[in-house]
Structure formats: C-alpha cells, structure tokens
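**Student:** Model the following, please.
(one chain, ligands or ions: 1)
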Amino acid sequence: MKSPQQMDDSVDVLDAVVIGAGWAGLGVSYWLARRGLRHRVLERGRIGET
Ligand SMILES: Cc1cc2nc3c(=O)[nH]c(=O)nc-3n(C[C@H](O)[C@H](O)[C@H](O)COP(=O)(O)OP(=O)(O)OC[C@H]3O[C@@H](n4cnc5c(N)ncnc54)[C@H](O)[C@@H]3O)c2cc1C
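**Tutor:** Residues are numbered from 1 along each chain as shown. Predicted coordinates for the structure are as follows:
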C-alpha cells in the first residue's frame, strides 16, 4: 500500500473500497480518512441505516 505522500491525485487509484455503509463501514471509512487513504464506500441501500 502506498503512503499518502506517494499517491498521485491525478491517477484514479484507491487504497481501499469499503462495502457497506453501516456503522462498521462508516467507522472504517473514518479511520481511512484520518490516515489520508483514498477510498470509496459502496452502499446498496441507505447510508447509516444500521
Ligand atoms: C431487528 C434488529 C434489531 C437490532 N437492534 C439492535 C439494538 O437495539 N442495539 C444494538 O446495539 N444492535 C442492534 N442490532 C444489531 C445491529 O443492527 C448490528 O450489530 C449492526 O447494524 C451491525 O453493523 P454493520 O455495520 O456490521 O452491518 P450493517 O448495519 O448490517 O451494515 C451493512 C451495510 O452493508 C450494506 N451492504 C451489504 N452488502 C452489500 C453489497 N454487496 N453492496 C453494497 N452494500 C452492501 C447493507 O445495505 C448495509 O447498509 C439489531 C439488529 C437487527 C436485525
């Protein structure tokens, strides 16, 4: 995994994809963001409807 310093914002490359935006997925997303890691959260229903 690349460090945030190595990442090139012009390239559409993610460090992680989180499946599900329940409390677990949202918590993981929070900590990925705190670490500066590029990621997307995919939710098939409603966000946070846990
Ligand atoms: C009827 C009921 C009552 C409950 N009451 C309580 C309570 O009073 N107190 C308590 O502490 N706990 C309660 N729980 C338990 C609590 O809801 C779960 O422990 C908690 O929601 C688990 O969180 P999670 O983020 O792991 O999963 P979830 O909250 O289930 O979130 C998972 C998310 O992933 C999404 N998802 C799944 N598969 C995909 C896919 N392939 N692509 C995209 N998105 C996807 C889902 O749509 C969902 O939004 C209850 C559970 C139920 C069923």
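
**Student:** Which residue, neighbours along the chain excluded, lies closest to the residue most central in space within the chain?
**Tutor:** Centrality entry for the chain: nearest residue to the mean C-alpha point is His39, 3.1 Å, by C-alpha atoms, centre = their mean. Leaving aside its chain neighbours, His39 sits nearest to Ala16 (4.1 Å; criterion: C-beta to C-beta, 6 or more residues apart in numbering). Where you see a C-beta, it was placed from the backbone N, CA and C, and this is true even at glycine.

**Student:** and what of Leu42?
**Tutor:** Ranked by C-beta to C-beta, 6+ apart and with sequence neighbours excluded, the top spatial neighbour of Leu42 is Ile19, at 5.4 Å.

**Student:** Near Ala21, how many other residues are there?
**Tutor:** Here the neighbour count serves as a burial measure; for Ala21 (other C-beta atoms under 10 Å) it reads 20.

**Student:** same check, this time on Glu49
**Tutor:** Using other C-beta under 10 Å as the criterion, Glu49 is surrounded by 8 other residues.

**Student:** same deal with Val13?
**Tutor:** The criterion is other C-beta under 10 Å. On that basis, Val13 has 10 neighbouring residues.
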